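*Asks:* Sequence first, then the predicted structure, then my questions.
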Amino acid sequence: MNILLNLNEGKFPIKINDSYDPSFIEEVHIIDLVIVDINIEKPSQGIIYAKGAIDLSYVSECSSCSKSITNRVNIKTDIEIQDISMSLNKRYTSKDVHFQDLTQFEIKDFIKEEIYLNIPNINFCEDNLCNKENLDKNDDLIQPFKKIRDLIK
């Protein structure tokens with residue numbers, strides 16, 4: 001079932017505390033319900049914020065040994081929501097921005113975008129042999145500009 005909200009009208013804050021079947025998310029193999037606890041607030045005209053959490057478990061492969069691993073992730077979200085017509089206008093903000101039609105705001109599209117942006121694309125299993133091999137690799141992944149800094153010194 002699609003949940004459409006008109007964020008230009010209505011009472012705020014809007015509390016979304018629900019669980020969703022993960023079938024609307026195709027690229028991530030989610031193994032249970034997606035738990036959503038988000039407040040949508042409108043502090044003034046034209047400014048809309050979504051704050052809360054999205055909780056889910058998904059299956060991925062270890063980036064080193066290709067073993068199947070199950071991961072649990074709790075995505076903390078603090079996003080500004082703007083109308084899709086604003087996406088071409090430059091507006092500098094300190095928050096991340098989600099663009100969508102505010103008269104027909106689809107909560108599942110918002111959830112899907114948050115999941116895609118926050119699921120790590122590199123995962124390592126908890127196997128000691130695999131992890132021992134990847135400790136040095138993982139440090140380099142955390143500090144991608146370390147090699148450049150070392151060259152400058």
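*Replies:* Alright, I've got the coordinates.
*Asks:* Show me the helices in this protein, by range?
*Replies:* Counting by DSSP state H, one finds helices in the chain at the ranges 107-118, 128-142, 146-152.
*Asks:* With respect to the ones you listed, which exhibits the lowest mean confidence?
*Replies:* Lowest mean pLDDT of the helices of the chain: helix 128-142, a mean of 57.
*Asks:* In contact with the closest residue to Asn8 other than its chain neighbours, which residues?
*Replies:* Excluding the flanking residues, the one nearest Asn8 by CB to CB, 6 or more residues apart in numbering is Leu102, at 5.1 Å. The C-beta positions use only the backbone N, C-alpha and C, and glycine is treated the same way. Shown in contact with Leu102 (CB atoms under 8 Å, 6 or more residues apart in numbering): 6-8, 48, 81-83.
*Asks:* so which of those residues is the most crowded?
*Replies:* Ile48 (22 neighbours; other CB atoms under 10 Å).
*Asks:* Quick check: bridge partners of that residue?
*Replies:* With DSSP bridges as the criterion, Ile48 is bridged to Ile81.
*Asks:* ok now do it, which residues does it touch?
*Replies:* Going by CB under 8 Å, 6+ apart, Ile48 touches 7, 40-42, 80-82, 102.
*Asks:* I'd like to know how many residues surround Asp127.
*Replies:* 15.
*Asks:* same question but for Cys65, I mixed them up
*Replies:* For Cys65, using other CB under 10 Å, the count is 15.
*Asks:* OK, contacts around the nearest residue to it once chain neighbours are set aside?
*Replies:* Take Cys65 and drop its neighbours on the chain: the residue closest to it by CB to CB, 6+ apart is Cys130, 4.8 Å away. For Cys130, the contacting residues are 62, 64-65, 67, 124, by CB under 8 Å, 6+ apart.
*Asks:* that older thread, check the gap between the residue nearest to Asn8 and Ala53 for me.
*Replies:* 23 Å (CB to CB, to the nearest Å).
*Asks:* all strands for the protein, in order.
*Replies:* 4-5, 14-20, 29-30, 34-44, 47-61, 68-83, 96-100, 105-106 (DSSP state E).
*Asks:* okay, these in CSV with distance to Tyr116 and mean pLDDT next?
*Replies:* Output for these, formatted as CSV (distance: least, CB to CB, whole Å; pLDDT from 0 to 100):
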stretch, distance to Tyr116, mean pLDDT
strand 4-5, 21, 82
strand 14-20, 15, 92
strand 29-30, 12, 92
strand 34-44, 12, 92
strand 47-61, 11, 93
strand 68-83, 11, 90
strand 96-100, 12, 84
strand 105-106, 15, 90
